[in-house]
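Peer 1: structure of the sequence below:
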Amino acid sequence: MNKITYHFVSQTHWDREWVLSFEEYRVMLVDFWNDLFNIFENDPDFKHFMTDGQMQMVMDYLEVKPQNFERIKELVQSGRLSIGPWYIQIDQFIPSGESHIRNLLIGVEMAQKFGRAMPIGYIPDQFGHIAQMPQILRGFDIETAVIYRGFGGEPGQESSEYVWESPDGSKVLMFHLPKDGYSFGYFAMDDEDTIFKRFERLRSEIDARARASHRLILNGGDHHWPDIKLTKALKLLKTKYSDFEFLHSTLENFADCVRSEVDLEKLPKHFGETRFGLRHAFAVIGGTASTRVYIKQRNYLAQIKLERILEPLNSFSFILAKKDRSELIKLAWLYCLQNQDHDTINGTAVDRVYHEALVRYLKIDEITNAFSFQATNDIIPFDSKFFKDDKHIFIFNLSPFELDKVVECEVEFHLQDVVVGLNPDVKPSQSLSRVDGFRIFDSDGGEVEYQVLSRDTKYSLVWGYHEYPHQILVDRFKILVDLKNLPSFGWKRLDIVRDSSIVVYEEKVKYGVDEFGIFYMENDFLKIKVNKNGSIKVIDKEKRIEFDNLNIFEESGDVGDEYNYCFPDEDELYYSTDFTPSIEIIEKGPLRCAVQIRYNIPVPSYTTQSGRSKEKIDMEISSVIYLNYNSKRVDVKTKVNNKAKNHRLRVIFDTGLNTNTSYADSQFCIVKRIHKKYNWEDYPYEKPLNLEVLQRFVCVQDEIKGIAIFTKGLYEYELSIDEPGRLAITLLRGVGQLSESNLKTRPGGDAGWKNETPDAQCIGIYEFEYSIFVYKANEFEDVCKQAELYHSPNFYVKRKQEMKEISDVSLINFEGNGINYSALKVSEDKKGVIFRFYNPFWKDSWFRFKPNFDYASVSIVKLNEEKIALLEPDEDKFFKVDVEPFKIITIKVEL
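Peer 2: Numbering: from 1, shown residues only. Take a look at the predicted model:
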């Protein structure tokens, strides 16, 4: 065997915010860089430093010290500093797949301005890793990953070197860190004797796991300054261990050395996600998918706005008006990615971190509002001279699938001009009477049915570019409109005409109370019954499938912390079915009906480790069940007034299915998970709790039927082992500490420092959105189609001038089988547009498309948008792409 070589790689793990806020850490970061520069200048033996695999350490510093750009660039180009490839070390399971791609696109672009990005997927502190990470890394020509949490300790996971394979077959060389993770080879506080002892302890574990003569030792820790004793420590180790080689090295050099020595085909393999590793190290993944649910809900909405509104709208504007505002979108993405830092998005930080995080989400909202106004004006001109009634609604479909959809929107009718400013000579116009009614027509003159949800009198503003805004008083209607054949990647024009009355259309949803006193709603596909205890029954009339005992609420104690759920010694569980709700029909069609179910449940006001308080406090729950006339799923909005502390609230679906298998939507794939019991005595660090993570939905099924639950910003589920078929979605957890001690579910110790986190109790009013869809077993394509409908946002603009010259538009005709849409954006080089699809299934699929605009070429490209192959159209001018199982396909259309 070759001489054993220990590669010491200097680094720091820099949480952008955690037990301190971002600005508090940045003050430290400025001094950190100053000391790093001094070490480089004064210690010629200090060869190299790595900025935690992320660019935020560099960019946040340069915002304060921009004069040091060239200084950092020189270090990068000389090989002494490794930066990137990520912008930030985000969590992997909560952010969307596109978030990971933007993270690398932005990080690599930033790094290249200094010379190059480190070509290593360094992801050392995430609480587990998604199944498709190898495919994402390979899409950026990254062939090596370094991971820690969520893996190890199980049979077959004894090595430190592996080949990690995505579901699609993409492979990377994976290095798994030892039990101390990235904080194990740091000597700054050690004397000579301690240096030798530390190395001996490390060597015993590292040598036992290594498959090559080259061994990795990371020299750093959380927010650690560069190790001022490293070069001295290496000299000491060389004097005592003359048979070994000690290098102050880089991750890239270490990986190259291992590759030159090992046969990758003979390395152990790991397939898919890493979500366990509880026997290896301090995994801390048990409760982070449900902590501070409000930040996760805001993240969901931010991603929808970026991926499903701003980027497609910018693409429309780029194609049709040759205008591009990608820099504004990138700014919004930076705010989003900063909030996806693994400590922030997981809810595992102090309260003041979230005060700032909510401001970042507010900035994304504001950019979205102004951006969408500007971008739509490029393609559907706005004229501020017209400020009376709304004449048109342009309803957009920002996805590739032609849709039939019931869309919620607002229509305004002018009542009065409002005088703004101190001008006594200007008199307000006389207020007009409220409108008697109106009709809506499509661009072909066909009448479009609508349903009035509410009506009120409001003030409205009409903006102009060359004048002050017009303030008007309006008669505002919130309505549902019934849209057929909404064009793919396009819009449909609707015309609004005043009429003598509000039109009453034929009711398409039946509703009422049957002879047994059971409330029900029914369309052509489904019948929904609300049982007297408030649970609901869903009957699919086409598929002849039914599920009862759905939408039951479970409240229990939680004495855990921001990292882990933990039950008290003596728990008490409260179920909504044990209380009598009030039930009423609150919407009566014609397009949609809704039943409201309201509970007032007395629950313990707080919980301690020993048990639940005798003092009770009312928890108010209002759950509204919606059924559209053309819908094959049941949408639910649940509002909770949470007043209790240290507890958990979940919604239960007692499916009655005898299964221990779930199928969860993940980033660019569906993952199959087997749920089983474990012997807790085998896990000294953290106990397995059977809590799992979803992206957009989770399914359970037997040989005949299945049920899918779609969620918006709710990421944690449990499929019960003790009660087969019981599926629970966590709505909120209330905890009061960043890290608690002596948890039964985490006996390994504290996950962080003691910090009070009263905001993490989630006191106040919360609204949760989810949906129920039943399907025939294994028909996951139906599930994905409904998921696309459910998660596609409504977007529309209104115009007050006559615009019948602008007709319906579809920018891309699309056909596909078993394909999910992921993105439409302007390419990074500004030469065209990018759209991305993926096959989330276990079987081959395909899609074909035809751009309805002038283009120069169409290519398949990598995730980094480098060209792979040119595509040629068929005789119908369609481009066809075959997609292997679980493959991500990115298309570039150059204009």
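Peer 1: disregarding flanking residues, what is the spatial nearest neighbour of the most centrally placed residue in the chain?
Peer 2: By C-alpha atoms, centre = their mean, the chain has its centre lying nearest to Pro95, at 3.0 Å. Nearest in space to Pro95, with sequence neighbours left out and distances taken as C-beta to C-beta, 6 or more residues apart in numbering, is Gln340 at 4.6 Å. C-beta coordinates here come from the backbone N, C-alpha and C atoms, glycine included.
Peer 1: need the contact list for the residue nearest to the centre of the chain.
Peer 2: Pro95 makes contacts with Asn103, Asn299, Gln303, Gln340, Ile345, as judged by C-beta atoms under 8 Å, 6 or more residues apart in numbering.
Peer 1: which pLDDT value goes with it?
Peer 2: With respect to pLDDT, Pro95 scores 98.
Peer 1: quick check: it is in a strand.
Peer 2: No: assigned with DSSP: H, G, I helix; E, B strand; the rest coil, Pro95 falls outside any strand and is coil.
Peer 1: and it, how far is that from Asp207?
Peer 2: 36 Å (C-beta to C-beta, to the nearest Å).
Peer 1: how much space is there between the closest residue in space to Gly734 that isn't next to it in sequence and Thr607?
Peer 2: Among residues not flanking Gly734 along the chain, Gln761 sits closest, at 4.2 Å (C-beta to C-beta, 6+ apart). From Gln761 across to Thr607, the span is 11 Å (C-beta to C-beta).
Peer 1: after the longest helix along the chain, heading C-terminal, what element do we hit next?
Peer 2: Longest helix in the chain, counting residues (DSSP state H): helix 351-379. Next along the chain after helix 351-379, taking DSSP states H and E as the criterion, comes strand 392-397.
Peer 1: looking at it, the residue nearest to Pro95 is touching Arg102, isn't it?
Peer 2: No: using C-beta atoms under 8 Å, Gln340 makes no contact with Arg102, being 9.8 Å away.
Peer 1: tell me the phi and psi of the closest residue to Ile393 other than its chain neighbours?
Peer 2: Distances taken as C-beta to C-beta, 6+ apart place Leu494 nearest to Ile393, at 4.4 Å, with adjacent residues excluded. Leu494 adopts backbone torsions of phi -120, psi 140, taken as degrees, to the nearest 10.
Peer 1: enumerate every residue touching Leu494.
Peer 2: Applying C-beta under 8 Å, 6+ apart, the residues contacting Leu494 are His392, Ile393, Phe394, Ile395, Ile440, Phe441, Asp442, Ser443, Val448, Val481.
Peer 1: pLDDT below threshold where in the chain?
Peer 2: 1, 282-283, 422, 426, 428 (pLDDT under 70).
Peer 1: what segments of it are helices?
Peer 2: 22-42, 56-64, 69-77, 97-112, 133-138, 192-209, 230-240, 251-259, 293-305, 311-321, 326-339, 342-345, 351-379, 780-791.
Peer 1: circling back to that earlier point, and the residue nearest to Ile393, bridged to which residues?
Peer 2: According to DSSP bridges, Ile393, Asp442 are recorded as the beta-bridge partners of Leu494.
Peer 1: cool, and the one 5 residues further on?
Peer 2: Taking DSSP bridges, one obtains Gly437 as the residues bridged to Asp499.
Peer 1: that one and Val407, how far apart?
Peer 2: Distance from Asp499 to Val407, by C-beta to C-beta: 20 Å.
Peer 1: quick one, which of those two is more surrounded?
Peer 2: Set side by side, Asp499 and Val407 show more neighbours around Val407, with 22 against 13, by other C-beta atoms under 10 Å.
Peer 1: check contacts around that one.
Peer 2: So Val407 contacts Ile395, Leu480, Val481, Leu483, Asn794, Tyr796 (C-beta under 8 Å, 6+ apart).
Peer 1: next one: Lys830
Peer 2: Lys830 neighbours (C-beta under 8 Å, 6+ apart): Asp324, Ser326.
Peer 1: one more: the one 3 residues further on?
Peer 2: By C-beta under 8 Å, 6+ apart, the contact set of Val833 is Ser315, Phe318, Ile319, Leu824, Lys825, Val826, Ser827, Lys892, Val893, Leu895.
Peer 1: what do you get for Ile228?
Peer 2: Ile39, Ala188.
Peer 1: joint contacts of Gln761 and Thr607?
Peer 2: Lys645, Asn646.
Peer 1: who's more crowded, the two?
Peer 2: Applying other C-beta under 10 Å to Gln761 and Thr607 shows that Thr607 carries more neighbours, namely 26 against 20.
Peer 1: surely that one touches Val559?
Peer 2: Yes: using C-beta under 8 Å, Thr607 makes contact with Val559 at a distance of 5.7 Å.
Peer 1: who touches both of those two?
Peer 2: Looking at what touches both Thr607 and Val559 (by C-beta under 8 Å, 6+ apart), the common residues are Pro568, Asn646.
Peer 1: any idea how far Leu743 lies from Leu526?
Peer 2: Counting by C-beta to C-beta, the gap from Leu743 to Leu526 is 43 Å.
Peer 1: my guess is Met110 contacts Met59. True?
Peer 2: Yes: using C-beta under 8 Å, Met110 is in contact with Met59, at 6.3 Å.
Peer 1: mutual contacts of the two, please.
Peer 2: Shared contacts of Met110 and Met59, counting by C-beta under 8 Å, 6+ apart, come down to Tyr87.
Peer 1: what's stretch 99-112 in contact with?
Peer 2: 54-55, 58-59, 76, 83-88, 90, 92, 95, 117-118, 130, 133, 136, 139-140, 303, 330, 333-334, 336-337, 340, 667, 823, 828, 863-865.
Peer 1: rewinding a little: quick one: contacts for the residue nearest to Gly734?
Peer 2: Neighbours of Gln761 in contact, by C-beta under 8 Å, 6+ apart: Lys645, Asn646, Gly734, Val735, Gly736.
Peer 1: can you tell me the closest non-neighbouring residue to the second one?
Peer 2: The one in question is Asn646. Using C-beta to C-beta, 6+ apart, the nearest residue to Asn646 is Thr607, at 4.0 Å.
Peer 1: please name the bridge partners of the one you found.
Peer 2: Arg612.
Peer 1: before we move on, the earlier item: what residues sit buried inside the longest helix of the chain?
Peer 2: By 16 or more other C-beta atoms under 10 Å, the buried positions in helix 351-379 come out as 353-354, 357, 360-361, 363-364, 367-368, 371-372, 375-379.
Peer 1: how many other residues sit next to Phe46?
Peer 2: Neighbours of Phe46 (other C-beta under 10 Å): 20.
Peer 1: separation between the residue lying farthest from the centre of the chain and Glu467?
Peer 2: The C-alpha centroid of the chain is most remote from Asp425, which lies 54.5 Å away (C-alpha atoms, centre = their mean). Separation of Asp425 from Glu467 (C-beta to C-beta): 18 Å.
Peer 1: now do Phe697
Peer 2: 48 Å.
Peer 1: now swap in Ile329 and tell me
Peer 2: From Ile329 to Glu467 the distance is 28 Å (C-beta to C-beta).
Peer 1: who has more neighbours, those two?
Peer 2: Ranked by neighbour count (other C-beta under 10 Å), Ile329 and Glu467 place Ile329 first, with 21 against 10.
Peer 1: how about that one, what does it touch?
Peer 2: Leu306, Leu310, Glu311, Asn314, Ile367, Phe371, Lys825.
Peer 1: would JSON lines of these with distance to Leu719 be doable?
Peer 2: Converted to JSON lines, the contacts of Ile329 look like this (distance: C-beta to C-beta, whole Å):
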{"residue": "Leu306", "distance to Leu719": "31"}
{"residue": "Leu310", "distance to Leu719": "36"}
{"residue": "Glu311", "distance to Leu719": "34"}
{"residue": "Asn314", "distance to Leu719": "40"}
{"residue": "Ile367", "distance to Leu719": "39"}
{"residue": "Phe371", "distance to Leu719": "41"}
{"residue": "Lys825", "distance to Leu719": "36"}
